[in-house]
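Task: produce atomic coordinates for the following.
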Amino acid sequence: MGVRKAVTQSRTAPFEVEVVVDGHDEVGEGPVWLGSEQQLIWVDITRNLIHRLAPIAHRKESIDIGQHVGAVAPRVTGGFVAAVQHGFGFVDAPTGRLEIIADVEADNPGNRMNDGKCDSAGRFWAGTMAFDLTPGAGALYRLNTDHSVVKVLEDVTLSNGLGWSPDDTSMYFIDSATNGVDVFDYEPDSGELRNRRRLIDIPQELGMPDGMTVDSEGFLWVALWGGWSVRRYAPDGTPDTVIELPASKITSCAFGGEDLSELYVTSAAYELSEQELRRQPSAGALFRCQPGTTGILAHSFEG
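Below you'll find the model as predicted:
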């Protein structure tokens, strides 16, 4: 596992961006930092892979779970909870054995599950999308700790990034097809959402909003598919910082490292032509930089 370095520019200062894993993921997504293990996990959706990286030991492992995997999160009892092709499942970490616990959309073979995250109460949220991006064909679901499933939102086209404010009063949601980030009033005890409104509009020329994370100051970091960048926004939606990256299809990001000061960024090589791959040989890589702020440790699934 080699590390390459290249200097890229933001609006305010240069950032040193490292290619940590030059893995050429088809659709690398959903990075999650495991604080107790000092490791990063992420997925390659269309190759059915869950990756695990131990940065200090320079060790990377991958497991094939046998079907598309949109997102994973750690379970308090071990292994992972996963948003897989048509529903939710548990993954045994050493073997990759998948146990389906909820066939959420098994009756809709034209859909698959996509991005997801755990909230502070240990519930796992993940949404769906149509393979052909049929408008409004997807939804957002919540897997409760008792393994019951609630459909939270309907009429979703491309369910993507999720995040919560540090005080747990707001939840952020990206339906990529809407070119922006919405915010809800959030009730952490019940998981109830109210008062959906637009927080950030992202012009199409900047790329399509994909995955995201929230830092300890409450700022949002949004990965831009087709935009060669991750952009930071203030809690009121004001643009703040831009981190440019040497790949066009930037998919998601998460803070990691011992003090959560390192921003890990995933990317995709999906449907890039040979000419485009020559232009961006790091497409599909896992990147890392230190943007000068810290993140919030990811929550685990409590069920």
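
quick one: low-confidence ranges for the stretch 1-150 of the chain?
Residues of the stretch 1-150 of the chain that meet the criterion pLDDT under 70 lie in 1-13.

can you give me the strands for it?
Ranges of strands in the stretch 1-150 of the chain, per DSSP state E, counting those that start in this stretch, are 4-9, 14-21, 28-34, 39-44, 49-54, 59-64, 69-74, 80-84, 88-91, 98-102, 111-118, 124-130, 138-143, 149-156.

Dump those strands to TSV, plus mean neighbour count.
Any C-beta I mention is one placed from the backbone N, CA and C, and that applies to glycine too. Shown next, in TSV, are these (neighbours: other Cβ atoms under 10 Å):
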stretch	mean neighbour count
strand 4-9	12
strand 14-21	19
strand 28-34	26
strand 39-44	25
strand 49-54	20
strand 59-64	15
strand 69-74	26
strand 80-84	28
strand 88-91	22
strand 98-102	16
strand 111-118	26
strand 124-130	25
strand 138-143	23
strand 149-156	15
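
Same list (those strands) but as a markdown table, adding distance to residue 231.
Output for these, formatted as a markdown table (distance: least, Cβ to Cβ, whole Å):
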| stretch | distance to residue 231 |
| --- | --- |
| strand 4-9 | 13 |
| strand 14-21 | 13 |
| strand 28-34 | 17 |
| strand 39-44 | 20 |
| strand 49-54 | 24 |
| strand 59-64 | 28 |
| strand 69-74 | 21 |
| strand 80-84 | 25 |
| strand 88-91 | 30 |
| strand 98-102 | 34 |
| strand 111-118 | 17 |
| strand 124-130 | 21 |
| strand 138-143 | 23 |
| strand 149-156 | 22 |
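
Out of those strands, flag the one nearest residue 299.
Ranking those by their distance to residue 299 (criterion: Cβ to Cβ) puts strand 111-118 first, at 4.1 Å.

burial count for the spatially closest residue to residue 236 that is not a sequence neighbour?
Excluding its sequence neighbours, the residue lying closest to residue 236 (Cβ to Cβ, 6 or more residues apart in numbering) is residue 199, at 7.9 Å. If you count neighbours by other Cβ atoms under 10 Å, residue 199 ends up with 18.

likewise residue 302?
Around residue 302 there are 17 other residues, counting by other Cβ under 10 Å.

go on, residue 92?
Residues within reach of residue 92, counting by other Cβ under 10 Å, total 14.

Which one of the strands of the stretch 1-150 of the chain lies nearest to residue 272?
For those, proximity to residue 272 was assessed by Cβ to Cβ; strand 28-34 is nearest, at 12.9 Å.
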